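Asker: Quick check, what structure comes out for this input:
(chains A and B)
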2 protein chains.
Amino acid sequence: MNPASASAQARLQVIHQHLSIQPCFHRHAIDNDKPTGPADLARERANASFKVEDMTEILFGGKENVVARSLAFQMIQRDPDLRMRQGHNYDMSRSEEREQTLRQVARLIQLRRMPGNNLLSRALTMAMSYYSEAFWMMFVHDVLFKQAFTYCATPEQQDKWMADIEDWRVMGCFAMTELGHSSNLPGLETTSTFDRSTDEFVIHSPTQTSTKWWIGMAGRTATHTVAMCRTLVDGKDYGPNWFYVPLRDRKTGHLLPGIVCGDVGQKASRQGLDTGYIQFTQVRIPRGNMLQRWASFTPQGVFKPSPNPVLAYSPLTTERFATLNSHKVTLAQSLTIAVRYGAVRRQGTRDEQIIDYQTHQANLMPGLAFIHLLSIVERDVCEKWDEVQEMAHTNVEQFLHELPDQHGIAASFKAALSWYVTEALESCRRSCGGHAYSAYNAFPGLIGDYNIVTIGGGDNVVLMQQSARYLISSLKKAMTGHQVHGSVDYMNAHMYFSSVTKTSFQDPRDLLNHEFFIDALTWACLKKATGLKKVLENAGTHFEEVWIENQTELIRLADINTWRYFLVVFHRVIEREKERKPEVYALFKRMGLLMGTFILKRYMDVFLEEGYFDGSHAKFIRELHLDQCKDLRKEAVALVDSWAIPDFALQAPIGKYDGDIYPAYFAAVNAAQQSFEPTDYWLKYAGPLLNAPRPTDKEPIAPHSHVDQPTSVTNRKKARVPMEKENDALWV
Amino acid sequence: MNPASASAQARLQVIHQHLSIQPCFHRHAIDNDKPTGPADLARERANASFKVEDMTEILFGGKENVVARSLAFQMIQRDPDLRMRQGHNYDMSRSEEREQTLRQVARLIQLRRMPGNNLLSRALTMAMSYYSEAFWMMFVHDVLFKQAFTYCATPEQQDKWMADIEDWRVMGCFAMTELGHSSNLPGLETTSTFDRSTDEFVIHSPTQTSTKWWIGMAGRTATHTVAMCRTLVDGKDYGPNWFYVPLRDRKTGHLLPGIVCGDVGQKASRQGLDTGYIQFTQVRIPRGNMLQRWASFTPQGVFKPSPNPVLAYSPLTTERFATLNSHKVTLAQSLTIAVRYGAVRRQGTRDEQIIDYQTHQANLMPGLAFIHLLSIVERDVCEKWDEVQEMAHTNVEQFLHELPDQHGIAASFKAALSWYVTEALESCRRSCGGHAYSAYNAFPGLIGDYNIVTIGGGDNVVLMQQSARYLISSLKKAMTGHQVHGSVDYMNAHMYFSSVTKTSFQDPRDLLNHEFFIDALTWACLKKATGLKKVLENAGTHFEEVWIENQTELIRLADINTWRYFLVVFHRVIEREKERKPEVYALFKRMGLLMGTFILKRYMDVFLEEGYFDGSHAKFIRELHLDQCKDLRKEAVALVDSWAIPDFALQAPIGKYDGDIYPAYFAAVNAAQQSFEPTDYWLKYAGPLLNAPRPTDKEPIAPHSHVDQPTSVTNRKKARVPMEKENDALWV
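Answerer: Presented below is the predicted three-dimensional model:
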């Protein structure tokens, strides 16, 4: 040991002696600071019935995706342009968050421009969906903006524009919603008026309510937009079409003449995402900037309207399918935190793990089963939608034939599932008690971010009615002898189900078969749909009023139908995994049955009201569901581990992988405390208040002279409140 | 006209000509900018069946309170120290919000110190509960901190300390919860060890998890705290008691030796409220700083433990009753916004008021009825609690006799009603569509603030179990021949109800009587309670396990029991209003019946499962409920007006009193946009990305040379995208 380090050693020794205190007597010894969490989680992990890696592979669709995802997280954590330099964004201002997001976007695009690994590039974007609003900036451009071109631009227009769009040499936004209208697209006010004299369209926001609103990237970022405008040609209104309109100078970033874009400011969440508004004042664009795949001009200059207005809305269907990823990402993070915390947090008379409470299990296990099923279902329905999207380019007739079912699935999956996910997130939050109120444990952000899903991208109530409309019309078709296909194919069996009045349930073993659940839900859908169809048919010219009078039940029909199809898809797909990983398959089956009882319980009043189940069935299903929750609780920690969300991305110390939660949580909180000194405003406002002269008495206040004096003053060198003059003692 | 103004006039004329644009043809004329909202609200107001002023008087308990409240709001709006100087806190940093809150608190105390109007002073505090976190700072000191002394300090201690506490010459906080323990109070780790040699207590935080956590005002503000510590005297652990401990120097604001207080930083909401943590390291206080009303020392120096540990928890009962005000304030604001927006917003195929949708009515009307009933119920139960609190000083035996029922009511009203209010707030939020996502429309704040109510101040799941325990033990008493009293007095009739198996419902007119609902709920409570009591009695030594296995049903019992008692109190009290204002009384009766069907619907599966109701009853009640909602919709705007929340306090332009919502909303958003120039970070990150040379081609890119040239270039002086060189055109 050299002299320098010897002296350092000695100094440390002295400091240590200064700091060491005689522990006063207390039941909880210093040893108790040793955390119980790591052992708790290790035990939970050892007890799972399956290998986490096997589940991870299934969740992410194969080993190469898992590897790419893990590399992507590694890159995010390392790259100073991708990672959050403060470790999280909880203490940043809106403008700092905005800067960080744009920095991340720019870096992602740079990485994407490098030749090579597409898989990693895709994985990076997906990993960002767990981490940063940069994902949503990418989404606005790569999905919403771009799809307007994919669907609605002619091949020539695509040739002209697509290379720059794909390479982010323009930054695009998607201007549909307006301040005064959103769900009601035909009510949009922005106009595109064709000026034949100049061969231009004039884009105009005629009123304040016509301001394009909630437009991602419009506020401070985008250079271009596609804008949905009601098209006026030769004095005639042809309804909404898409127009490609520049917003900002690509070099200087300045707004172009006639364009006003602004920031919509503070939101419930996602402050890092630029959300803006746009007002057009007589902005002229060449005729060729109208996306003319469907509506178009003939060479003779005659305007040809779109064969079907829904064609312009196709990007919305993609957007709705994309919400399935939001459901998954948000809930997977929330459950990772809640389940681990539930296993680590000890409370109650026997200091038990709180995840052993029945209420805790009932709160968390359905959501846990749900996201695992959803990851299977999502892949299947999105693959189908990809196929159908292809048809838009190869076989428009077939595309239009498939579209209503796809639209119905997308709308109801977005709406019904997001209602449920909102509940599931709230359950996760409540399961973490007070610590979920801390921003440093991610919940405020996760729930705030998800908040928009139920009301944006098509309001849920509107979408569920679209789905109900599709269901009623499909049943009508089926009942007039036409085959219906896709998610409503069960309606072809309406005759059979109309004769069923109650469940065939006789033996508890019936509940080990998923067909039992699907039969019950099929019956419920047909029962509701048939009844509502009749009422609506009898409405005659009062159709709209009668619709409104039955709105809650129509939505309930759409809701049950969604969950039915969710289970149908799940069971169809999971059979493929049967051979590969038997334990994982078995676990999926258990989760499928748990979701089955959960859904029946959820709509039990429908079954009881109609007599399909009786009280004893209801009780049996309720109790079985609780047993299933208790059973899944054993797998819970391993199941959330399967989502493989690294701690740095989770950004919630109480959900840490190793279970040693309190020091990390304390450190996160303490890092936000810049100083322990009194604040200026304390000195300014509290100081005078505390030290103002008493109005009633200028001498020492009587009660304050009766200070309980310590009987002994020995041994008082330890940390102690300083004694002040009696009349102003601090602590008496 | 003088020459100067003539020239100004001329200038204006010229500017006007410059600005005036030839409107291009569009269906929506400029006239459409005229808002429809004001007329909509005026019509709604004209159609109400009652006078708003009459309702307001009842809600706030008499005309003098209404006048004081209105004066209080006037003072808040005027006084630059009370009002939010930016109009709201949506764009403030955490530290700016903190400063604002403390400024408001200081001003409120100054106003309170002025001799005179107590009524106005109280009204000011209550008005602040609609407006600012200052209310919660006051609450921590005036209620939590102070009540520890009221309940647990001896008269001598009160003489000594109370004057300064009441006058805010100390600022106190309430240190109970710890990082590692909250609901489990006997598990608290902080110790107070009696040192007989110095006649002092040593307050110590032995572990990191023992850090006092979530302590309002501790982080940056309070000078003192009451701390709950496990009391160790002569080597024996006497469980938790309260200790009065100074934290900061009252003059300098510096932390005292041995004390570390810090800020817990960013939360889901209420950033303006200082929330902190405290760590004690061997802090010595005189023996006399233990609050010794219950636990105490004899003159011989022998420690006498408290006769009943619940005595130390009484301030918590007050805290729970106080949440009723949170329910009311938060929901009243949310409904004011949602109902007015629902009446003003027009959407759908016929541009109808969205409040005419059945789903909208089903979402909003139960909450609207609920807060009106709650305002009646709250006053009654809080008056009763005030009476009982008096007994703590006059008749301790009687106090202890009443306490379990009061505790049961407070716990379950806090928990069950806050679960419901959370749902109701979410319904309000969703009813406002995307605009609820904007911070400028108050919902993110309102929901964020309320967020803590379900998990703080006693976790709901824990409180509901306490209530269930009380119910089971009360039933046990009643079944062994003892009279039970208070909220559970119905249990005395257990024999009668045990013979009832189904409803007596025969005629729809039965449902016009509130006793029908109370009977059904009484039956359900006794049915559930009897069953659960039996199961628990059979559990023997496995009581705790069996409790956990029945936890969800025990909580459901407590839930139904809460709603039953809520209706009971409401109907008892409202009869007093009968003579005074017949239209208001009639309206309250309608709202009472609406809540009745709402609650039966809510627990319908219990009734169906047990056969009390059959399917046809269920359907009837469901349909009746929707009719009641449709009926109440006619009164909705006037009902929210009755809460008389001024626009400046509502802080949500879409809920503005006059219905002219869009200009105000737009103005609020635009005020947050500091500049329309490109940001520095845009130039840094987006600029290079957009303008990077294309990797594949150094010459003009082929697709970009096919610019659709306008066929005519006349008349192109209007706002127009500047043309760039072809190879870098902005808009092609």
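
Asker: only C-alpha atoms for contact and neighbour calcs from this point on.
Answerer: OK.

Asker: Could you report the neighbour count for the closest residue to residue A:437 other than its chain neighbours?
Answerer: Among residues not flanking residue A:437 along the chain, residue B:268 sits closest, at 5.3 Å (Cα to Cα, 6 or more residues apart in numbering or on different chains). Residue neighbour count, defined by other Cα atoms under 10 Å in any protein chain shown, stands at 25 for residue B:268.

Asker: Just the pLDDT for residue B:268.
Answerer: Listed pLDDT for residue B:268 reads 95.

Asker: so residue A:279 sits in a helix?
Answerer: No. If the criterion is DSSP: H, G, I helix; E, B strand; the rest coil, then residue A:279 is strand and not within a helix.

Asker: what sits against it?
Answerer: When contacts are counted by Cα atoms under 8 Å, 6 or more residues apart in numbering or on different chains, residue A:279 touches A:204-205, A:210-212, A:259-261.

Asker: can the residues you listed go into JSON lines with extra columns for distance to residue B:535 and secondary structure?
Answerer: Converted to JSON lines, the contacts of residue A:279 look like this (distance: Cα to Cα, whole Å; DSSP: H, G, I helix; E, B strand; the rest coil):
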{"residue": "A:204", "distance to residue B:535": "71", "secondary structure": "strand"}
{"residue": "A:205", "distance to residue B:535": "68", "secondary structure": "coil"}
{"residue": "A:210", "distance to residue B:535": "63", "secondary structure": "coil"}
{"residue": "A:211", "distance to residue B:535": "63", "secondary structure": "coil"}
{"residue": "A:212", "distance to residue B:535": "61", "secondary structure": "strand"}
{"residue": "A:259", "distance to residue B:535": "71", "secondary structure": "strand"}
{"residue": "A:260", "distance to residue B:535": "69", "secondary structure": "strand"}
{"residue": "A:261", "distance to residue B:535": "66", "secondary structure": "strand"}
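
Asker: Same list (those residues) but as a markdown table, adding distance to chain B and neighbour count.
Answerer: Listed next are the contacts of residue A:279 as a markdown table, based on distance: Cα to the nearest Cα, whole Å; neighbours: other Cα atoms under 10 Å in any protein chain shown:
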| residue | distance to chain B | neighbour count |
| --- | --- | --- |
| A:204 | 8 | 26 |
| A:205 | 10 | 21 |
| A:210 | 9 | 24 |
| A:211 | 10 | 27 |
| A:212 | 12 | 29 |
| A:259 | 9 | 22 |
| A:260 | 8 | 18 |
| A:261 | 8 | 26 |
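
Asker: Residue A:174 should be in a strand, yeah?
Answerer: Yes. Assessed by three-state DSSP, residue A:174 belongs to a strand.

Asker: what about it, distance to residue A:224?
Answerer: Residue A:174 sits 9 Å away from residue A:224, going by Cα to Cα, to the nearest Å.

Asker: before we move on, what about residue A:235?
Answerer: 27 Å.

Asker: Looking at those two, which one has more neighbours?
Answerer: Higher neighbour count among residue A:235 and residue A:224: residue A:224, with 26 against 12, using other Cα under 10 Å.

Asker: For that one, give me its contacts.
Answerer: Neighbouring residues of residue A:224 by Cα under 8 Å, 6+ apart: A:170-173, A:244-248, B:731.

Asker: ok, which pair from those residues is furthest apart?
Answerer: Among the contacts of residue A:224, the pair separated by the greatest distance (Cα to Cα) is A:173 and B:731, at 13.7 Å.

Asker: Alright, that wraps it up for me.
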